[in-house]
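Student: Sequence plus predicted model, see below.
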Amino acid sequence: MDAQRLDSILSRYECDPWDLIPVLQDIQDSYSYLPKEELQEVSQRLNVPLTQIFSVATFFKMFSLVPKGRHQVKVCLGTTCHLRGGTRLMESLSNRLGVEPGYTTKDMEFSLETVGCLGSCAQAPVMMVDDKYFGRTSVDKVPKILKLYK
Amino acid sequence: MPRFESVDHLQEYRRQLAARLDPKQPQVLVCAGPGCLPMGSDEVAAAFREELQKNGLEGKVALKECGCQGLCARAVKVLLRPQEIAYQHVTPEDVPEIVEATLKNGQVVDRLIYEDPDTHDRFAYKADIPFYKGQQTVVLRKLDVIDPESLDDYLAMGGYRGLRKVLVEMSPDQVIEAVDRSGLRGRGGGGFPTGRKWRICADTLEEVKFIICNGDEGDPGAFMDRAVMEGDPHAVLEGMIIGGYAIGARRGYIYVRHEYPLAVKRLALAIDQAREAGFLGPNILRSGFGFDIKISRGAGAFVCGEETALIASMEGFIGEPSPRPPYPAQQGLFGRPTVINNVETWVNVPEIINMGADWFAAIGTENSKGTKVFSLVGAVNQTGLVEVPMGTSLRQIIYGLGGGLGPGREFKAVQTGGPSGGCIPPQFLDLSVDYDSLQSVGSIMGSGGMIVMDNTSCMVDVARYFISFLYEESCGKCTPCREGLKHLLFLLDEIIAGRGELAHLDLMEELCATMSSASICGLGQSAVNPVRSTMKYFREEYEAHIRDNKCHALVCRPLLKYTIDPETCTGCLACVRECPVGAISGIKKKVQELDQELCVKCGLCYEACQFDAVKVE
């Protein structure tokens, strides 16, 4: 366990039980997943049962119990994107990356996931790689976009 | 930015600010809203920065990356003030010409102005463009004027004047009275009268109370709150501080989706600025009133838009709703009375204080006051954010502002209210858009998503889409919602696969009735709206799927057949590269053949083909 890294996260909080979700978010952001040993430590420090941490970690979509890839590819499946071919876009990405949504490529470069709505509905279908949005992404634009991150 | 020690100090600073501002100074406003950002607005802004520097204009021309300018269909948009010339579809390559022609020589770049797709009328100035005519902006008023990261810009537009007014002139009771009299109702969907909610909370005997801003905009197809939080973050803060003063709370939280990283960043910056300037903290403008705001990031759960689930997740638990009463206004966060309102509701508050309750109450209809922001998207020509007085008709919004549908496209339905709303058919196009009218036709106002659908949308598929969305997002606490959604999804899948029976429709009705009356929270109760409304208004589509195994909109995959037209196929192999199952023969420069046995009907070949050689029926 990286005690120093976890301490620097926990030092931002009073470590009350209700700090659980922000603490987990910071761990997720910093480690790209929630490592087991860190969660055990969080359980102790925040005085929250590990079962509750597990239920929170599996309830919310942003948390992952396995390491994620270097780049997060998010495909929007909001209503407008659904109507404008978001599913096809997702399938094309899934084919090219060789992973199903929710999984990470073997080389740990890309994690593919679907999102309820990214809020750029006028440019549907929309996808996001890390913090960058791509609008009107028809299937033929996919290779170009992935190339930017390889 | 000074720390304001008193309301007079703030007044004085505002006067100086006004004196410093030159209304004639040229300004370039690059839209960096939710619609323009994915189309490369950052690159356009960078090009302007470079070009202004090259021409020695960087001190003379103000460059701002502002919030949403509304007309997302024309991204990236650039607005030039003071003339208010609106350029559309701007790319970095256009920037040198804009600088040379417009900024240096005062000429309009003709090829970048708005052209109406139907009439071919051309408009250079924002005020002439039909999309903006007929809008009345209260909530979006400042979005295309201010730099969202500048407190000075916000102050110059009258920002924190509402806060000053309540601290100096109004008692908490008078503030509640004003909000109540304005007729403001919650903009998150439910439409509960805001003043009444505040009153319930203020009247409790508890000493510790909380304010929450619900920025968990989860409805797919809605991005109003994102645009406001990113484009005018101080307005959200100001509304909340006024709310805190009114009900006697000392702490507020903004709950924002983590999928909106820019909104989180802008709000955090605004909070820092407001603390530094003395609008937040233990003794605001030396009035004796103290209030502070923290951001709480959502962790990705649609159900957390429901207030009791949101509160549970802020307390460190999973987002499970709890039955009401007690309402959060009586017993909310940590068991304390909590006023929770949506982003748009909060932004209306300073305007009501500034302009007066009567001014606000004069806008809109009898029971729905003020304006409402909608994200107008889907099969409409001019997509984007619009703000109209309550009571505007659907037709005016879709055809007047949105410019109707494209040529050859036929209006089929408009979906409002997200997964809790319904699909409204053409016969109700003249319906007045307000809380009660929308409910009367089986939909809801919701947070303001408005998705226009044409003949390429299948209503069975739309119902299935929402049910599958909600099936994923249901927290699973109560049986009617958890099991009801599962079975609705199963039945819809059977229909889409061509295995449906007419009796399934009766079963679905029955499920809907149970879910709407027995689910704990709004998610389950209203989850039936997409199914009910499509079954009511588009029953013939369900029957076509069931009786004839046909999806006339060509959407439901199991009912489709893809073929390759030997006349037009060039043998370029674009389709072969996309096909995930190797169903296309793949011999170069030969007409391709598609193996129907292998085909999974994903349609990737159809989209990849540049020659329209892939046919679907």
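Tutor: Noted; the coordinates are in hand. Numbering: from 1, shown residues only, chains lettered A, B, ... in the order given.

Student: what domains does the record give for chain B?
Tutor: Per automatic domain parsing, the structural domains of chain B span B:24-81+B:85-124, B:151-361, B:371-454, B:459-548, B:561-617.

Student: what's the answer for chain A, then?
Tutor: Split by automatic domain parsing, chain A gives A:3-59, A:71-147.

Student: Name the stretch from those domains where average model confidence is lowest.
Tutor: Across the domains of chain A, domain A:71-147 has the smallest mean pLDDT, namely a mean of 92.

Student: Report the spatially nearest residue to residue 117, omitting neighbours in sequence.
Tutor: In the absence of a named chain, this looks at chain A. With sequence-adjacent residues excluded and distances taken as Cβ to Cβ, 6 or more residues apart in numbering or on different chains, residue A:117 is closest to residue A:78, at 3.3 Å. Where you see a C-beta, it was placed from the backbone N, CA and C, and this is true even at glycine.

Student: wrong chain, I was asking about chain B
Tutor: Leaving aside its chain neighbours, residue B:117 sits nearest to residue B:381 (5.7 Å; criterion: Cβ to Cβ, 6+ apart).

Student: Next, the contact list for that neighbour, please.
Tutor: Going by Cβ atoms under 8 Å, 6 or more residues apart in numbering or on different chains, residue B:381 touches B:73, B:117, B:402-406.

Student: between these, which is nearest chain A?
Tutor: residue B:73 (6.0 Å; Cβ to the nearest Cβ).

Student: mind checking pLDDT for the closest one?
Tutor: 92.

Student: you'd agree it is up against residue B:386?
Tutor: No. If you go by Cβ atoms under 8 Å, residue B:73 and residue B:386 don't touch, sitting 11.7 Å apart.

Student: Settle it for me: which of the two has more neighbours?
Tutor: The neighbour count for residue B:73 versus residue B:386, taken as other Cβ atoms under 10 Å in any protein chain shown, is higher for residue B:386 (30 against 22).

Student: Quickly find the element holding that one.
Tutor: Applying DSSP states H and E as the criterion places residue B:386 in strand B:384-389.

Student: The residue in the stretch 451-600 of chain B that chain A sits nearest to: what's it in contact with?
Tutor: Going by Cβ to the nearest Cβ, chain A is nearest to residue B:580 of the stretch 451-600 of chain B, at 4.7 Å. By Cβ under 8 Å, 6+ apart, the residues touching residue B:580 are A:91, A:95, B:600, B:602, B:604.

Student: Near chain A, which residues of the stretch 451-600 of chain B are found?
Tutor: Residues of the stretch 451-600 of chain B lying close to chain A (Cβ under 8 Å from any Cβ of the partner chain) are B:451, B:453, B:456-457, B:462, B:465-466, B:469, B:473, B:475, B:574, B:578, B:580.

Student: Mind checking which of those residues are buried?
Tutor: B:451, B:453, B:457, B:462, B:465-466, B:469, B:473, B:475, B:574, B:578 (16 or more other Cβ atoms under 10 Å in any protein chain shown).

Student: Can you pick out the most distant pair from these?
Tutor: Every pair in those was compared (Cβ to Cβ); the two farthest apart turn out to be B:475 and B:574, at 43.5 Å.

Student: tell me which element the closest residue to residue A:146 other than its chain neighbours is part of?
Tutor: The shortest distance from residue A:146 to any non-neighbouring residue, by Cβ to Cβ, 6+ apart, is to residue A:96 (6.4 Å). Using DSSP H and E, the element containing residue A:96 is helix A:86-97.

Student: I'd like to know which elements that helix is packed against.
Tutor: For helix A:86-97, the packing partners by 3 or more Cβ pairs under 8 Å, 6 or more residues apart in numbering or on different chains; DSSP states H and E come out as strand A:71-76, strand A:110-115, helix A:142-147, helix B:604-608.

Student: how much space between the nearest residue in space to residue A:70 that is not next to it in sequence and residue A:71?
Tutor: Among residues not flanking residue A:70 along the chain, residue A:109 sits closest, at 5.3 Å (Cβ to Cβ, 6+ apart). Taking Cβ to Cβ, to the nearest Å as the measure, residue A:109 falls 6 Å from residue A:71.

Student: can you pull out the strands in the stretch 101-250 of chain B?
Tutor: Along the stretch 101-250 of chain B, counting by DSSP state E, counting those that start in this stretch, strands occupy B:114-115, B:122-123, B:210-215.

Student: Does the last one reach chain A?
Tutor: No. Remark: strand B:210-215 sits outside contact range of chain A, by Cβ under 8 Å from any Cβ, the gap being at least 11.2 Å.

Student: For that strand, what is the distance to the chain centroid?
Tutor: How far strand B:210-215 lies from its chain's middle: 18 Å, per Cα atoms, centre = their mean, to the nearest Å.

Student: Which residues outside it are in contact with it?
Tutor: With contacts defined as Cβ under 8 Å, 6+ apart, strand B:210-215 is touched by B:188, B:225, B:229, B:236, B:239-240, B:243-244, B:247, B:249, B:251-257, B:260, B:263, B:305, B:307, B:310-311, B:314, B:328, B:332-334, B:336-343, B:346.

Student: one more time with 6 Å, if that's ok
Tutor: B:188, B:225, B:229, B:240, B:243-244, B:249, B:251-256, B:333, B:336, B:338-340, B:342-343, B:346 (Cβ atoms under 6 Å, 6 or more residues apart in numbering or on different chains).

Student: What of stretch B:539-553?
Tutor: With contact meaning Cβ under 6 Å, 6+ apart, stretch B:539-553 is reached by B:456-460, B:495, B:498, B:500, B:502, B:559.

Student: Double-check that residue B:461 belongs to a strand.
Tutor: No. Assignment of residue B:461 by DSSP: H, G, I helix; E, B strand; the rest coil gives helix, placing it outside any strand.

Student: OK, contacts around it?
Tutor: Counted by Cβ under 6 Å, 6+ apart, residue B:461 has contacts B:555-556.

Student: State the distance from it to residue B:395.
Tutor: Taken as Cβ to Cβ, the span from residue B:461 to residue B:395 is 25 Å.

Student: try residue B:217
Tutor: 26 Å.

Student: Give me the neighbour count for the closest residue to residue B:589 other than its chain neighbours.
Tutor: Distances taken as Cβ to Cβ, 6+ apart place residue B:571 nearest to residue B:589, at 4.2 Å, with adjacent residues excluded. Residue B:571 has 15 neighbours, counted by other Cβ under 10 Å.

Student: Run a quick check on residue B:571 versus residue B:590, I expect a contact.
Tutor: Yes. Counting by Cβ atoms under 6 Å, residue B:571 sits close enough to residue B:590 to count as a contact (5.0 Å).
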